[in-house]
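**Student:** Generate coordinates for the sequence data below:
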Amino acid sequence: MPPLRINYDSPAGLKAFLDSRGLGMRKKFGQNFLINPNARSRLLDALELEAGDTVWEVGPGLGAMTSGLLERGAKVTAFEIDPAFCQVLREEFGDKSEFLLAEGDVLKTWQLVRGGDCLLGNLPYNIAAVLLADFIEKKKFFKRMVVTVQREVAQRIMAKPGSSDYSSFSVLCASAYKLSPLMVLKGASFYPPPKIDSQGVRFDLLDEAERNSYPNLFQPLTRALFSSRRKTIRNNLINFINSVMLKGKVAGAAPGGETAQEALAGCGISGDRRAETLEVAEFAALAQALEKIIDHG
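**Tutor:** Here you go, the predicted structure:
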């Protein structure tokens, strides 16, 4: 089948192609095409692909990045929710053995697909944080991820302790990956142009020993400590113990205040601090201290 000859760099060319197929951009899917060829090339470079890598691409749209991945020798599994775009992708790449299309909502389909060494995506603004958290929480790890997200989301991903953007999501990302900022992309780099800036972020997977060092309570405890940002760690920890542990979900806990004080003392963290001041390692240490108390309860 001959190529569709889509001009991925031209708003006019993209509009003409969409019009010729009776297609439009669907706002509910957060569709914006990256029309800046230099930015596309830099994002592909940031993946540092190796021979034989399989890349999960989220939100391929009409296939601009898909084409670049295939040209660089990658095997591509593309996750696309728009049925009309899926048809275009099948026409353009369906005859290639290195291309696999997973049609539907990636939040519902990714667990049905095997493999995936790297991930690349211009992630829809409405699912970016949810999808990334879902991967990490369910231990679906990639050796490297390069994503383009709303700049506000990028700032949350890379936020450091003490920042107003620092959250349980920041801690979750940093617990599994080394995080590096890539270029900021203005609205003019996309079609249609969004009103907000975007940014690329690179995720490099931490070694297995480091990732496996986090106790089971790490994630739920981190979320609980951020649940009321104005409260101290002590108060949020007591609430966590009383609402979760003492209802039979976790056995062996003493009354909340007593257990909280023992856990804080066990890892040398002041209960007067707030969650946004804690390093990732401190969340892990507190979770470990709490688990130790439970195990010996």
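**Student:** Tell me, what's the model's pLDDT at the closest residue to residue 130 other than its chain neighbours?
**Tutor:** Closest residue in space to residue 130, ignoring its immediate chain neighbours: residue 107 at 6.7 Å, by C-beta to C-beta, 6 or more residues apart in numbering. Every C-beta, even on glycine, is put in place using the N, C-alpha and C of the backbone. You'll see residue 107 listed with a pLDDT of 97.
**Student:** So residue 107 sits against residue 132, correct?
**Tutor:** No. With contact defined as C-beta atoms under 8 Å, residue 107 does not count as touching residue 132 (11.1 Å).
**Student:** Tell me which of these two has more neighbours.
**Tutor:** residue 132 (25 against 13; other C-beta atoms under 10 Å).
**Student:** Can you give me the distance of the residue nearest to residue 130 to residue 237?
**Tutor:** Distance of residue 107 to residue 237, given as C-beta to C-beta, to the nearest Å: 31 Å.
**Student:** For the chain, which helix extends over the most residues?
**Tutor:** helix 280-295 (DSSP state H).
**Student:** In it, which residues are buried?
**Tutor:** 280, 282-291, 293-294 (16 or more other C-beta atoms under 10 Å).
**Student:** can you check stretch 44-63 too?
**Tutor:** 44, 46-47, 49, 53-63.
**Student:** The helix or strand hosting residue 147 pairs with which strands, and in what direction?
**Tutor:** Assessed by DSSP states H and E, residue 147 sits inside strand 144-150. Under the criterion DSSP bridges, strand 144-150 sits next to strand 118-122 (parallel), strand 198-205 (antiparallel) in its sheet.
**Student:** what's downstream of the first one, the next helix or strand?
**Tutor:** Along the chain past strand 118-122, the next helix or strand (assigned with DSSP H and E) turns out to be helix 128-137.
**Student:** list the helices and strands that next one packs on?
**Tutor:** helix 106-109, strand 144-150, helix 151-158, helix 168-176 (3 or more C-beta pairs under 8 Å, 6 or more residues apart in numbering; DSSP states H and E).
**Student:** try 10 Å
**Tutor:** strand 54-58, helix 106-109, strand 118-122, strand 144-150, helix 151-158, helix 168-176, strand 198-205, helix 218-225 (3 or more C-beta pairs under 10 Å, 6 or more residues apart in numbering; DSSP states H and E).
**Student:** Tell me the secondary structure at the residue nearest to residue 232 when sequence neighbours are not counted.
**Tutor:** Counting by C-beta to C-beta, 6+ apart, residue 272 is the residue found nearest to residue 232 once chain neighbours are left out, at 5.4 Å. Following DSSP: H, G, I helix; E, B strand; the rest coil, the label given to residue 272 is coil.
**Student:** Let me know whether residue 133 touches residue 140 as I believe.
**Tutor:** No. Contact criterion C-beta atoms under 10 Å: residue 133 and residue 140 do not qualify, at 11.0 Å.
**Student:** Can you name the residues that contact residue 233?
**Tutor:** If you count contacts by C-beta atoms under 10 Å, 6 or more residues apart in numbering, residue 233 has them with 225, 260, 263-264, 269-275, 277-278, 282-283, 286.
**Student:** Kindly report the same for residue 206.
**Tutor:** Residue 206 neighbours (C-beta under 10 Å, 6+ apart): 141, 174-178, 212-213.
**Student:** contacts for the lowest-mean-pLDDT helix or strand in the chain?
**Tutor:** One helix or strand of the chain scores below all others by mean pLDDT, DSSP states H and E: helix 208-211, with a mean of 84. For helix 208-211, contacts defined as C-beta under 10 Å, 6+ apart pick out 136, 139, 141, 175-177, 205.
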